[in-house]
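S.K.: sequence first, predicted coordinates after that:
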Amino acid sequence: MILVWVGLFVAITWLSASERFGIGFSLPELIDNFQRAERIVAQFLDPEWDVFFASRIVDAFLETLQMAIIGAVIGCSLALVFAFLASRVSAPGTGAFVAGKAVLNLLRAIPDVMYALVFVALVGIGALPGILALILFNIGVVAKLLSETVDGVDLGPIEAAHAAGASQLQAIRTGIFPQVLPNYIAYSLYTFELNLRASAVLGFVGAGGIGEVIDVFRNAFEYERVAIVIIQIFLIVFVVETVSIALRRRLV
Amino acid sequence: MTSVDAPQRTGTPVRPDRPRPVARMTINLVVAAAFLWAGLTVDVDLGQLVEAPATFVRILGLMFLPPDLGDLVPSLAAMQESVQIAWIGTLIGALFSLPLGFVAAKNVGDRVTSNTVRQVLNGIRAVPELVLAIALIPLAGLGPFSGTLAIGIHSIGTLGKLTSEVIEGIDAGPLEAATATGASRLASMRWGVLPQVMPEVIAFWLYRFEINIRASAILGVVGAGGIGGLLSDFVTYRRWDRAGTAIIVVIGVTILIDLISGAIRRRIIAGPQGDVDPGSDVDLGVHGPTPDGSDERRDPRGVLPE
């Protein structure tokens, strides 16, 4: 049995790495390329610090921040509905539960940039398609996490609410929501963090934010500027993550 | 489904926390203020927003009613490339992250090295795959090779962090026992630590593979291979019917792989009987996500896209 698994593993890996059926993974080629790309590497290693506070870059980062906030607030609010639909504990019926779960799986199977790609074609370039993409992306993340938290709540308060004649909605509001609120806030913070990282790349398909600036620099072969923006993304993500982790530790 | 059974209540009931209106008010105010600021200053043309729903419905119709199934084969081939990128990328990540995870774990490595390595892993994690791909394309050329390296490098960061966290949570007994018999450092890692962490670590590898499928499906938009390039072209040339097919392929393959990988993960974590009691307190790593501060939950069942 073990042999079958190992054989399968080796076969898949070999096929995937091979030139003919897969991606053509070769170390010698990489080393060769590294030598040829010496100039670009040198550019990368010598970032142009002067543009660190250039208004164009700062504005783009502000747009990234705006997109992340709007996407997170709207996405996390809508996610509440889906989360309660996608848990057996809170769904009003089996049909709603199955449908809720299915929609969530569908939402999560599409990557954020793919949403952005489609929305850019639909509403034109700019921050709007990016925000729409983030909203759908956030619904998927938060609703999934929250529905699993709802699965594990103490059922007592819900029974009590129903016993007192509460409707399903009232039972959710008073029996479940207070129990999962700390988790919900933590997940929302987490998605805000994800959004900052995601909106850094949404710009590659024209959906606004700092990614657009990277794309412009890259197309002009200004890798010393690309390097600066990457350093900035790194710093911002790092700071936001540290703060968010500290906040989440206190919450949950 | 055991989830509808009433929970057992033993001992003194836990009193719920007293509501803290001030804290709640603060949170609400901060969120509202941030949302207002962002909403009022963001550069969005409201005309766009008004037209969006109608266009959206129309294009959805063009995409899926019906999708151009004549294009199924090229889409599947491109998706196959994405899956291969994710597979090899995950392997690269697994290969390098395992030793790095050991070095980064506080309880087995020495302090200075473990702190340094952890910071390096954090640094790698902070850069999105697509940005890595952009940086790598000049070096590894346009195509799947760059994408694979990008996914591999990012995975080293995420998997290394998770591995070190799993190692930090081990039972110290076997490690002490191995050391007591005079085992070398390497041998005590091999026999005292590795067997304890391997199931969970392999589950994380599979989980990462699922995430990497999503990442590799979009690498093509910057020219780093996979189905993203195809989709990007279809959308650019307004071939909605073909784009619809490509999206269907992405969704189908992603969900399929999620299902297979998820089943294997549960089997690895839960053992052959597979009867993990969802209410037990033993941390099997398959419970609902608990964001205890780490950005990637120790939860290979729930899918966190990043």
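M.R.: Now that the structure is in, tell me what you want to look at.
S.K.: helices and strands around the lowest-mean-pLDDT helix or strand in chain A, which ones?
M.R.: Lowest by mean pLDDT, DSSP states H and E among the helices and strands of chain A is helix A:27-36, with a mean of 72. Helices and strands touching helix A:27-36, by 3 or more Cβ pairs under 8 Å, 6 or more residues apart in numbering or on different chains; DSSP states H and E, are helix B:129-140, helix B:144-168. No exception for glycine: its C-beta is placed from N, CA and C like everyone else's.
S.K.: average pLDDT across the longest one?
M.R.: Confidence for helix B:144-168, expressed as mean pLDDT, is 92.
S.K.: name the next helix or strand following it along the chain.
M.R.: Per DSSP states H and E, the first helix or strand lying C-terminal to helix B:144-168 is helix B:172-180.
S.K.: can you list the helices and strands that that next one packs against?
M.R.: Against helix B:172-180 (3+ Cβ pairs under 8 Å, 6+ apart) you get helix B:185-188.
S.K.: would you confirm that residue A:168 contacts residue A:92?
M.R.: Yes - the criterion here is Cβ atoms under 8 Å, and residue A:168 meets it with residue A:92 at 5.0 Å.
S.K.: how much space separates the spatially most central residue of chain A from residue A:240?
M.R.: With distances taken as Cα atoms, centre = their mean, chain A has residue A:194 as the residue nearest its mean C-alpha position (4.6 Å). For residue A:194, the distance to residue A:240 (Cβ to Cβ, to the nearest Å) stands at 10 Å.
S.K.: ok, the closest residue to residue B:236 other than its chain neighbours - contacts?
M.R.: Distances taken as Cβ to Cβ, 6 or more residues apart in numbering or on different chains put residue A:121 closest to residue B:236, at 7.8 Å, once the chain neighbours are dropped. If a contact means Cβ atoms under 8 Å, 6 or more residues apart in numbering or on different chains, then residue A:121 has B:59, B:235-236, B:238 as its contacts.
S.K.: pick out the most distant pair among those.
M.R.: The span of the contacts of residue A:121, defined through Cβ to Cβ, is set by B:59 and B:236 at 13.9 Å.
S.K.: buried sites along the helix or strand of chain B at the bottom of the mean pLDDT ranking?
M.R.: The weakest-scoring helix or strand in chain B, judged by mean pLDDT, DSSP H and E, is helix B:46-64 (a mean of 81). Judged by neighbour count using 16 or more other Cβ atoms under 10 Å in any protein chain shown, the buried positions of helix B:46-64 are B:48, B:52, B:59, B:63.
S.K.: run the chain-centre distance for that helix.
M.R.: 31 Å (Cα atoms, centre = their mean, to the nearest Å).
S.K.: does that helix reach chain A?
M.R.: Yes - Helix B:46-64 lies within reach of chain A by Cβ under 8 Å from any Cβ of the partner chain, at B:48-49, B:51-52, B:55-56, B:59.
S.K.: tell me who's in contact with residue B:181.
M.R.: Contacts for residue B:181 were tallied using Cβ under 8 Å, 6+ apart; there are none.
S.K.: picking that back up, does the helix or strand just after the least confident helix or strand of chain B come close to chain A?
M.R.: Heading C-terminal from helix B:46-64, the first helix or strand you meet, by DSSP H and E, is helix B:72-104. Yes - counting by Cβ under 8 Å from any Cβ, chain A is contacted by helix B:72-104 at B:81, B:83-85, B:87-88, B:91.
S.K.: can you add neighbour count and give these back as JSON lines?
M.R.: As requested, those are exported to JSON lines (neighbours: other Cβ atoms under 10 Å in any protein chain shown):
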{"residue": "B:81", "neighbour count": "26"}
{"residue": "B:83", "neighbour count": "22"}
{"residue": "B:84", "neighbour count": "27"}
{"residue": "B:85", "neighbour count": "35"}
{"residue": "B:87", "neighbour count": "25"}
{"residue": "B:88", "neighbour count": "26"}
{"residue": "B:91", "neighbour count": "21"}
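S.K.: now find how far off-centre stretch A:17-24 is within its chain.
M.R.: Distance, centroid of stretch A:17-24 to centroid of chain: 30 Å (Cα atoms, centre = their mean).
S.K.: that one: which residues count as buried?
M.R.: A:17, A:22-24.
S.K.: out of these, who's near chain B?
M.R.: Applying Cβ under 8 Å from any Cβ to those, those adjacent to chain B are A:17, A:22-24.
S.K.: thinking again about what came up before, out of the contacts of residue A:121, who has the most neighbours?
M.R.: Counting neighbours by other Cβ atoms under 10 Å in any protein chain shown, the top entry in the contacts of residue A:121 is residue B:235, with 24 neighbours.
S.K.: the host helix or strand of it packs against which elements?
M.R.: Residue B:235 is part of helix B:227-236 when elements are defined by DSSP H and E. Helix B:227-236 is packed against helix A:112-123, helix B:72-104, helix B:240-270, with contacts defined by 3+ Cβ pairs under 8 Å, 6+ apart.
S.K.: I figured residue A:183 hits residue A:147, correct?
M.R.: No - using Cβ under 8 Å, residue A:183 is not in contact with residue A:147; the gap is 11.0 Å.
S.K.: so residue B:125, which of the three states?
M.R.: Assigned with DSSP: H, G, I helix; E, B strand; the rest coil, residue B:125 falls in the helix class.
S.K.: pull the number of nearby residues for the residue lying closest to it once chain neighbours are set aside.
M.R.: Spatial nearest neighbour of residue B:125, chain neighbours left out: residue B:157 (3.7 Å); criterion: Cβ to Cβ, 6+ apart. For residue B:157, the count of nearby residues is 22 (other Cβ under 10 Å).
S.K.: is residue B:157 in contact with residue B:118, as I believe?
M.R.: No - in this structure residue B:157 lies outside contact range of residue B:118 using Cβ under 8 Å: 10.4 Å.
S.K.: restricting to C-alpha, output stretch B:154-162 in PDB.
M.R.: Output of stretch B:154-162 as PDB, limited to C-alpha atoms (Å, rounded to 0.1, in the frame of the first residue of the first chain):
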ATOM      1  CA  HIS B 154       6.400  31.800  -0.600                       C
ATOM      2  CA  SER B 155       5.500  28.300   0.700                       C
ATOM      3  CA  ILE B 156       8.900  28.000   2.400                       C
ATOM      4  CA  GLY B 157       7.800  31.000   4.500                       C
ATOM      5  CA  THR B 158       4.400  29.900   5.400                       C
ATOM      6  CA  LEU B 159       5.200  26.200   5.900                       C
ATOM      7  CA  GLY B 160       8.300  27.000   7.800                       C
ATOM      8  CA  LYS B 161       6.300  29.000  10.300                       C
ATOM      9  CA  LEU B 162       3.600  26.400  10.700                       C
END
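S.K.: now do the helix or strand where residue A:71 lies: which elements does it pack against?
M.R.: If you go by DSSP H and E, residue A:71 is part of helix A:55-85. When contacts are defined as 3+ Cβ pairs under 8 Å, 6+ apart, helix A:55-85 sits against helix A:94-109, helix A:127-151, helix A:177-202, helix A:210-219, helix A:223-251, helix B:21-41.
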